[in-house]
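Q: Give me a 3D structure for the following:
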Amino acid sequence: MPPIVLTIEIARSPDEVFSYVTDPSRFAEWQEDAARGRREGGGPPGVGSRFTTTRRIGRAERTTTSEITEINPPRSWAAHGVDGPIRPIMHVTVAPLGDSARSRVTIDVDFEGYGIGKLLVPLVRRLGRKDSPTNCRNLKERLEGRD
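A: Numbers count the residues shown, from 1 in each chain. The predicted model follows:
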C-alpha cells in the first residue's frame with residue numbers, strides 16, 4: 001500500500017504554515033489521534049532534533065520519539081520514528097501560491113513496522129487514511145482562523 005499523501009491549500013504564507021505544521025506542540029490541535037507533542041532539548045529545531053508525540057490508539061495512549069531528518073524552512077521538513085513497533089516516516093512540503101499569501105501543503109506519511117509492528121502497518125495505514133480528510137480540514141480551519 002502506498003504512503004498517505006495529503007494536499008491542501010491554505011490562505012496563509014508559507015512561513016506561517018511551515019512553523020505551525022511542523023511544531024509538535026501543535027499536532028494535537030489538528031491531528032485527530034494526537035493527544036500531545038513536544039520537542040526535546042532547547043534551541044531551534046534542526047536535523048537530529050527529537051520530539052515526542054503521544055497518540056490515542058483505541059482506549060490507550062502511546063508515546064513515540066521521532067527525529068528530524070530534513071529541515072529547510074519554510075519549504076520542507078521530514079522526520080522518522082526512532083522507537084516502538086510502528087515508526088512513522090513523515091515529509092512535509094510547503095509551496096507558495098500566487099503572491100505567497102497562500103500555500104500548498106503536501107504531507108506524506110508512511111510507517112515501518114518492527115517485530116509485531118510489521119503485521120500492524122496495514123491497519124495503521126487504513127486508520128491514517130480514514131483520519132486524513134478531518135486532519136486536512138482541521139489544519140485549514142486552524143491556520144485560516146488565526147489572527
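Q: Please enumerate the helices of the chain.
A: Per DSSP state H, the chain has helices spanning 14-21, 27-30, 117-144. These are given in chain order.
Q: Of those, which is nearest residue 100?
A: Each of the helices of the chain has some distance to residue 100 by Cβ to Cβ; the shortest is helix 14-21, at 6.4 Å. For the C-beta atoms, the positions are set from N, CA and C on the backbone; glycine is no exception.
Q: I'd say residue 22 and residue 75 touch.
A: No: under the criterion of Cβ atoms under 8 Å, residue 22 lies out of contact with residue 75, with a separation of 10.9 Å.
Q: Can you give me the buried ones in stretch 26-45?
A: Counting neighbours by 16 or more other Cβ atoms under 10 Å, one finds that the buried residues in stretch 26-45 are 26, 27, 28, 30, 31, 32, 33, 34, 37, 39, 45.
Q: before we move on, what about stretch 108-121?
A: 108, 109, 110, 111, 113, 120, 121.
Q: Return the distance of it from the chain's centre.
A: Once both centres are worked out by Cα atoms, centre = their mean, to the nearest Å, stretch 108-121 turns out to sit 16 Å from its chain's centre.
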